[in-house]
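# Generate a structure from the sequence data that follows.
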Amino acid sequence: MGATEKIARFIVETGYLDVPREAVEKAKRTALDCLGAALAGIGEPVSRAITEYVSRLGGSSQASVFGAAVKASVADAVLANGTIAHALDYDDCGVKIGHPSVLVLPAVLSLGEHLGASGQETLAAYIIGLEIEGKLALHADFKLMQARLNHQTWYGSIGAAAACAKLLRLDVAKTRMALGIAGNFACGLSANHGSMAGAMSAGNACRNGVIAALMAREGITANPDIIEAKNGFYDTLVGPGRHDAERMSQTLGDPYYIESPGIGLKKYPSCYHTHRALDGIFKLLGENPLSDKEIAAIDVGTSERALRVLAFSEPATPYQAKYSMPHCIAAAVVDRAVTLDTFTDHKLNDPRIMDARKKVHLSFPDLPIWPGLADVGPDTEFVGNPVAIRTKDGRHYSARVDIPRGDPALPLSDEELLAKFRDCAGSQLGPDKIERSVDMVLGLEKLTNSGALIAALGSSRQA
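Numbers count the residues shown, from 1 in each chain. Alright, predicted model coming up:
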């Protein structure tokens, strides 16, 4: 039995009751976090544009678009919803996969709304999708990023197809077809980081998965061994000999990706590569109350891989600022906080922040791999971030953070997660509706129809 068949059998044979309770509880936390990011992202320019695009297409009214009185086909709705959820880059992070939840959850919720799936069916499909995309990423050479490909769309298309095949109750043969079709759709380019097309990578992955599963249901065929086939998914993505499809298929559910290595929840609405440095800067400022006017220079150690993503030393747009180490550090020093407001035109052009950006200097120190990732492989290039502040009168303060707050090894508390969700949802929902939404997500397994959750998240500033 080949790897793709083993993967398909895992998808078909795994049900809600087969998933460990710890994995279920973690999945509800990541779902709440992802939906919070979606609610906060509704007002972003890319979200407004993709919603208008979908609305103009017309067609069947199968699924809702987040934050709009618009329904569309499942494929169109999920393109919009995945994009909206990733619009602020405030959604979760996972080892070697980038942003796991946003590549799967919008697909599961949109298709689930259309099908009338139960909460348990929704959770099972979501966890299975995370498992497939996460394990695919773990067992491939991470140098993919050095090839300038956006790995999220590649792995996410397969993960979303797996989740949707589960919701559609496809058999093993058709699930293999769904994976094969999704492999044919998978694509993404890192050059689009910092642009609206970059935010759309999540929507594309979700749409690819939905379409692949629906096509497979109707009998459209593909290579049944797409993962391990010569010139198939893995070979094309990372090259022959740079993956272990068989090992990947043997580790499914043992443990689940969401359990180990786990999924991190973002404390700051910026690229995850800035988070260790930000934690370090806040540590120094907490211990040494300095004003930005006292600071002569700020030194930040990072990796070359990180700077392929953090490509904007002088960001021209608020979205580029999320991928700018100088902007994030400067805002932290000036405002003593990095929040959604940090990435607005007002803050981008704030004279004090602009001046502080010029004080940030980046280097590439020889550092060991980020603790906890040694088993993933040396090609990860995840390292700690040493930071140092030099004052105009000659003082010097330094710190190094290896594990950022929100990482699975240092998770956000329940209170921090709830505070983040309430802050994100506040622009769209009234207080009572926010609390009902929290209760629904954290009690998702109790819902007989997950469409009720979509209705609860409908945009309304009323209670």
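# What residues of the helix or strand Ala452 falls within count as buried?
For Ala452, the host element (DSSP states H and E) is helix 451-456. Applying a neighbour-count criterion of 16 or more other CB atoms under 10 Å, one finds Gly451, Leu453, Ile454, Ala456 buried in helix 451-456. (Each C-beta comes from the backbone N, C-alpha and C, glycine too.)
# before we move on, what about stretch 306-313?
Ala306, Val309, Leu310, Ala311, Phe312.
# Same check on stretch 431-450?
Buried-residue list, stretch 431-450, by 16+ other CB under 10 Å: 433-434, 436-438, 440-442, 444-445, 447, 449-450.
# Quick one: end-to-end length of that stretch, please.
21 Å (CA to CA, to the nearest Å).
# Could you shift the numbering so residue one becomes 31, and keep it that way?
All right, first residue 31 from here; so that's stretch 461-480.
# how far does whichever strand or helix holds Leu153 sit from the chain's center?
Taking DSSP H and E as the definition, one finds Leu153 inside helix 149-168. Relative to its chain's centre, helix 149-168 lies at 13 Å (CA atoms, centre = their mean, to the nearest Å).
# what do you get for stretch 129-142?
Per CA atoms, centre = their mean, the centroid offset for stretch 129-142 relative to its chain is 10 Å.
# Straight-line length of that stretch, end to end?
Using CA to CA, the two ends of stretch 129-142 sit 21 Å apart.
# just curious, which of the buried residues of stretch 336-343 is nearest to Glu151?
Among these, Val339 lies closest to Glu151 (CB to CB), at 35.2 Å.
# Enumerate every residue touching the closest one.
If you count contacts by CB atoms under 8 Å, 6 or more residues apart in numbering, Val339 has them with Ser220, His223, Cys301, His303, Tyr353.
# what residue is smack in the middle of this protein?
Nearest residue to the geometric centre of the chain (CA atoms, centre = their mean): His129, 2.2 Å.
# Wait, that one touches Asp122, no?
Yes - between His129 and Asp122 there is a contact at 6.5 Å, judged by CB atoms under 8 Å.
# quick one: which of the buried residues of helix 481-486 is nearest to Ala229?
Nearest member of the buried residues of helix 481-486 to Ala229, counting by CB to CB, is Ile484, at 20.9 Å.
# where in the stretch 81-230 of the chain is pLDDT low?
172-178 (pLDDT under 70).
# would you list every one of the strands in it?
For the stretch 81-230 of the chain, the strands defined by DSSP state E, counting those that start in this stretch occupy 93-94, 101-102, 123-124.
# Let's have the ones you listed in JSON lines, adding mean neighbour count.
Formatted as JSON lines, the strands of the stretch 81-230 of the chain follow (neighbours: other CB atoms under 10 Å):
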{"stretch": "strand 93-94", "mean neighbour count": "25"}
{"stretch": "strand 101-102", "mean neighbour count": "22"}
{"stretch": "strand 123-124", "mean neighbour count": "24"}
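# Out of those, flag the one nearest Lys58.
Among these, strand 123-124 sits nearest to Lys58 (CB to CB), with 16.3 Å.
# starting at the chain centroid, how far to that closest one?
On CA atoms, centre = their mean, the centre of strand 123-124 falls 6 Å from that of its chain.
# List of residues touching it?
His129, Pro130, Gly164, Ala167, Tyr287, Pro291, Gly292, Ile293, Gly294, Leu295, Lys296, Tyr302.
# quick one: pLDDT of the fifth one?
In this prediction, Tyr287 carries a pLDDT score of 98.
# Now it. Nearest residue, chain neighbours left out?
Gly164 (3.2 Å; CB to CB, 6 or more residues apart in numbering).
# Buried residues, stretch 143-150. List them.
So for stretch 143-150, counting by 16+ other CB under 10 Å, buried means Glu143, His144, Leu145, Ala147, Ser148, Gly149, Gln150.
# Which two of the residues you listed have the greatest separation?
Farthest pair in the buried residues of stretch 143-150, by CB to CB: His144 and Gln150, 17.3 Å.
# do you know how far the residue lying farthest from the centre of the chain is from Glu324?
Most distant from the centre of the chain: Asp423, at 42.3 Å, with distances by CA atoms, centre = their mean. Look at Asp423 and Glu324: by CB to CB, to the nearest Å, they are 8 Å apart.
# Give me the neighbour count for Asp284.
8 (other CB atoms under 10 Å).
# Shouldn't it be within a strand?
No - checked against DSSP: H, G, I helix; E, B strand; the rest coil, Asp284 lies outside a strand; its state is coil.
# just to revisit the earlier point, among the contacts of strand 123-124, who's most crowded?
Using other CB under 10 Å as the neighbour criterion, Pro130 leads those with 30 neighbours.
# What values do phi and psi take at it?
phi -70, psi -50 (degrees, to the nearest 10).
# That one against Gly164, yeah?
Yes - assessed by CB under 8 Å, Pro130 is found in contact with Gly164 at 6.0 Å.
# Could you tell me which residues touch both of these two?
Among the neighbours of Pro130, those also in contact with Gly164 (CB under 8 Å, 6+ apart) are Gly124, Gly189, Tyr287.
# ok, for the second one, nearest residue in space, not its chain neighbours?
Spelled out, it's Gly189. Here the residue nearest Gly189, using CB to CB, 6+ apart, is Glu163, at 2.8 Å.
# Check the gap between that neighbour and Ile250 for me.
In terms of CB to CB, Glu163 sits 22 Å off from Ile250.
# what ranges do the helices span in the stretch 131-280 of the chain?
Using DSSP state H, counting those that start in this stretch, the helices found in the stretch 131-280 of the chain span residues 135-145, 149-168, 181-197, 202-215, 226-247, 263-268, 275-280.
# Using a markdown table, lay out those helices together with distance to Tyr427.
What follows is those, written out as a markdown table (distance: least, CB to CB, whole Å):
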| stretch | distance to Tyr427 |
| --- | --- |
| helix 135-145 | 41 |
| helix 149-168 | 37 |
| helix 181-197 | 36 |
| helix 202-215 | 50 |
| helix 226-247 | 35 |
| helix 263-268 | 42 |
| helix 275-280 | 45 |
